[in-house]
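Q: sequence-free structure coming up:
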Ligand SMILES: [Fe+2]
Ligand SMILES: [Fe+2]
């Protein structure tokens with residue numbers, strides 16, 4: 001731990017919180033916790049990682065049990081793969097969400113699909129995807145969604161899968177599709193909309209089939225000209241599906257707009273902040289987050305992959321704040337992503353923790369005192385510096401859940417005197 005951090009620890013040492021309460025009335029059916037949950041007499045009510053059912057919530061409320069308790073020091077990791085809690089990322093994560101067989105099935109389908117699209121590019125410019133191909137993909141994403149809902153313990157199933165780097169694009173599309181479908185399930189979208197999210201994730205990079213293989217597979221740094229060629233893939237993809245009535249509006253917009261950023265540095269249009277908010281649908285913005293998460297956590301030649309925790313922190317650092325000139329996401333979009341799947345992607349752990357130094361949207365630096373179980377991005381914090389990074393005379397406590405003007409916009413890895 002860097003010296004400055006340890007001083008902060010000494011100065012603002014954390015309270016001994018002991019058993020923590022879980023407010024039953026605020027618990028949503030289907031939520032899972034990494035801890036065994038007890039009642040006030042210390043009877044175990046629900047084992048770690050088991051979903052809490054609607055009937056259990058009703059039963060507890062009917063019996064005037066307002067709270068369950070858990071002991072944060074007694075984390076139940078029995079279902080986590082041994083020795084794998086930190087290094088599993090990328091492909092493994094999404095395999096965790098669905099079965100391996102289903103993942104392979106999806107991958108095969110994409111392989112067929114992208115191969116036929118490539119043929120279209122190479123041999124004809126008139127044709128586009130056939131109804132049959134799209135029907136097959138819709139069927140597949142439906143199966144995938146059924147698999148996600150059936151696979152109760154799936155997210156903690158140990159997985160050991162060998163990645164095939166040559167299959168990068170297939171794996172990437174598969175993973176973005178699965179993650180987008182899973183995210184829309186956690187956000188409780190209607191079934192039809194979940195299918196659309198899965199399909200949009202599946203097709204988002206369809207335009208890459210129109211980019212020369214030599215450029216796509218190049219591992220050295222790309223020249224400016226080559227970057228410009230890659231940047232054509234949203235428009236190429238859009239042209240491919242534009243007139244196709246089997247594609248919905250959202251799938252088309254995802255293909256065209258998934259590389260727009262609110263800071264105006266995206267492509268193909270380079271929308272500014274307000275144009276981004278009004279022109280890029282929420283679903284497309286969420287798929288763009290899935291896209292970057294999957295890319296960061298996947299191994300590529302010459303670049304180490306991020307752990308899921310590292311990737312989530314990196315994404316958080318790309319959130320808009322007034323003092324930033326480069327950012328990729330709106331805070332509310334990242335909040336939805338992290339609240340819905342952050343805990344799952346990080347294998348039942350928060351990716352930010354008590355003791356972490358953070359910067360808030362207004363520039364203040366704070367230390368996290370206590371996590372908020374139900375809103376992981378709104379912990380209780382102590383503010384250490386003002387907006388100009390000068391230490392405040394008297395550090396003060398803020399519960400971000402009760403403060404609607406402040407939100408986390410950066411994780412500071414080192415110390416506050418940067
Ligand atoms: Fe893309
Ligand atoms: Fe992508």
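A: Sure, I can see it. What you are looking at is a predicted structure, and each value in this text was computed from that prediction instead of being measured. Ligands and ions are numbered 1, 2, ... in the order given.
Q: Low-confidence ranges, the stretch 51-200 of the chain, go.
A: 72-138, 140-167 (pLDDT under 70).
Q: List the residues that contact residue 21.
A: 67-69 (Cβ atoms under 8 Å, 6 or more residues apart in numbering). For glycine as for every other residue, the C-beta is placed from the backbone atoms N, C-alpha and C.
Q: what pairs with it across the strands?
A: Legend: beta-bridge partners of residue 21 under DSSP bridges are residue 69.
Q: And the pLDDT at it?
A: For residue 21, the model assigns a pLDDT of 75.
Q: quick one: it from residue 65, how far?
A: 11 Å (Cβ to Cβ, to the nearest Å).
Q: Helix, strand, or coil at residue 410?
A: Look at residue 410: counting by DSSP: H, G, I helix; E, B strand; the rest coil, its state is strand.
Q: show me the contacts for it.
A: For residue 410, counting by Cβ under 8 Å, 6+ apart, the contacting residues are 316-317, 319, 321, 358-359.
Q: And residue 335, by the same measure?
A: Contacts of residue 335 by Cβ under 8 Å, 6+ apart are 377, 407.
Q: repeat that for 6 Å
A: By Cβ atoms under 6 Å, 6 or more residues apart in numbering, the contact set of residue 335 is residue 377.
Q: Kindly report the same for the one 5 residues further on.
A: Contact criterion Cβ under 6 Å, 6+ apart gives 183, 186-187 as the residues in contact with residue 340.
Q: neighbours of whichever residue of the stretch 251-400 of the chain sits closest to ligand 2, just the number please.
A: Residue nearest to ligand 2 within the stretch 251-400 of the chain: residue 291 (4.3 Å; Cβ to the ion). Per other Cβ atoms under 10 Å, the neighbour tally for residue 291 reads 22.
Q: Next: residue 359.
A: Residue 359: 23 neighbours (other Cβ under 10 Å).
Q: so it sits right up against residue 367, yeah?
A: No: using Cβ atoms under 6 Å, residue 359 is not in contact with residue 367, being 11.1 Å away.
Q: one step back: would you agree the residue of the stretch 251-400 of the chain closest to ligand 2 falls within a helix?
A: Yes: the assignment for residue 291 (three-state DSSP) places it in a helix.
Q: Tell me the pLDDT of it.
A: 95.
Q: and residue 258, how many residues sit next to it?
A: 25.
Q: pLDDT at it, what is it?
A: 98.
Q: Would you mind confirming that it is in contact with residue 289?
A: No: counting by Cβ under 6 Å, residue 289 is not a contact partner of residue 258; they are 10.0 Å apart.
Q: Next to ligand 2 in this structure, residues from the stretch 151-300 of the chain, please.
A: 205, 291 (Cβ under 5 Å from the ion).
Q: can you give me the helices in the stretch 151-300 of the chain?
A: For the stretch 151-300 of the chain, the helices defined by DSSP state H, counting those that start in this stretch occupy 168-186, 191-203, 213-216, 224-230, 233-241, 249-257, 273-279, 282-296.
Q: after the last one comes which helix or strand?
A: It refers to helix 282-296. Next helix or strand after helix 282-296 toward the C-terminus (DSSP states H and E): helix 308-316.
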